[in-house]
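Undergrad: Predicted model follows, preceded by the sequence.
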Amino acid sequence: MPQPSRPGRAWFGAAAAVGLLHAAFSAYWALGGRWLLDTVGSWATGLAESAPVGAGLALGVVTLAKVAGAVVPLLVERGRLGHRRLWRRLEWAGGGLLLVYGLGNAVVAWAVLLGVIVTADGYDARAQLGHAALWDPLFALWGALLLAGLRRSRGT
């Protein structure tokens, strides 16, 4: 028998989809993929080349954290994890951090790209564009969707 629809469930699903997309790239890079890795920064490509095993292990941990951050709210919402109040508090904090981190970094990256912020040593244009237009907006969207789901499902 299907579960009745609960307020916020669609928001949690959308947040999970964005989080899992973010996690998929981390997993791809952990397994040795390089597509779009330079949009994270030259430090990331340098690390992947100089210490591929260490980079892969670190990115594997990042992947697991992102998957957990994407899936746990869905599990809590569906009643599959106990301690709902504790999890929801952690989700509020996580959603807020994702939103502020993503928006803040995207704004700074756009400011660098537009010349509002000038760096003495120059900057990695591809990495700045990746943060301005892809990775950090995805973090912000993930956080906003999670917060919307939490707000919509309060009191349920």
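TA: Received it, and whenever you're ready, just let me know what you need. Because the structure is a prediction, the values reported are computed rather than measured.
Undergrad: residue contacts, the residue nearest to the spatial centre of the chain?
TA: Closest to where the C-alpha atoms of the chain average out (Cα atoms, centre = their mean) is residue 139, at 4.0 Å. Residue 139 is in contact with 22, 98, 99, 101, 102, 105, counting by Cβ atoms under 8 Å, 6 or more residues apart in numbering. Just so you know, the C-beta spots here come from the backbone N, C-alpha and C atoms, and that holds for glycine as well.
Undergrad: Which pLDDT value does the model give the fifth one?
TA: Going back to what we said before, that points to residue 102. If you check residue 102, the pLDDT there is 98.
Undergrad: I'd say it and residue 137 touch.
TA: Yes - using Cβ atoms under 8 Å, residue 102 is in contact with residue 137, at 6.3 Å.
Undergrad: circling back: could you pick out the buried ones from the contacts of residue 139?
TA: By neighbour count, with 16 or more other Cβ atoms under 10 Å, those hold 22, 98, 99, 102, 105 as buried.
Undergrad: that older thread, what's the nearest residue to the residue nearest to the centre of the chain if we skip its chain neighbours?
TA: In space, and not counting its chain neighbours, residue 139 is closest to residue 102: 3.2 Å by Cβ to Cβ, 6 or more residues apart in numbering.
Undergrad: Let me see the contact set for that neighbour.
TA: So residue 102 contacts 136, 137, 138, 139, 140, 141, 142, 143 (Cβ under 8 Å, 6+ apart).
Undergrad: switch to 6 Å and redo it
TA: Residues near residue 102 by Cβ atoms under 6 Å, 6 or more residues apart in numbering: 136, 139, 140.
Undergrad: Name the nearest of the residues you listed relative to residue 41.
TA: residue 136 (12.1 Å; Cβ to Cβ).
Undergrad: Check the gap between the closest one and residue 103 for me.
TA: From residue 136 over to residue 103 the distance is 7 Å, taken as Cβ to Cβ, to the nearest Å.
Undergrad: out of the two, which sits in the busier spot?
TA: Between residue 136 and residue 103, residue 136 has the larger neighbour count (other Cβ atoms under 10 Å), namely 22 against 17.
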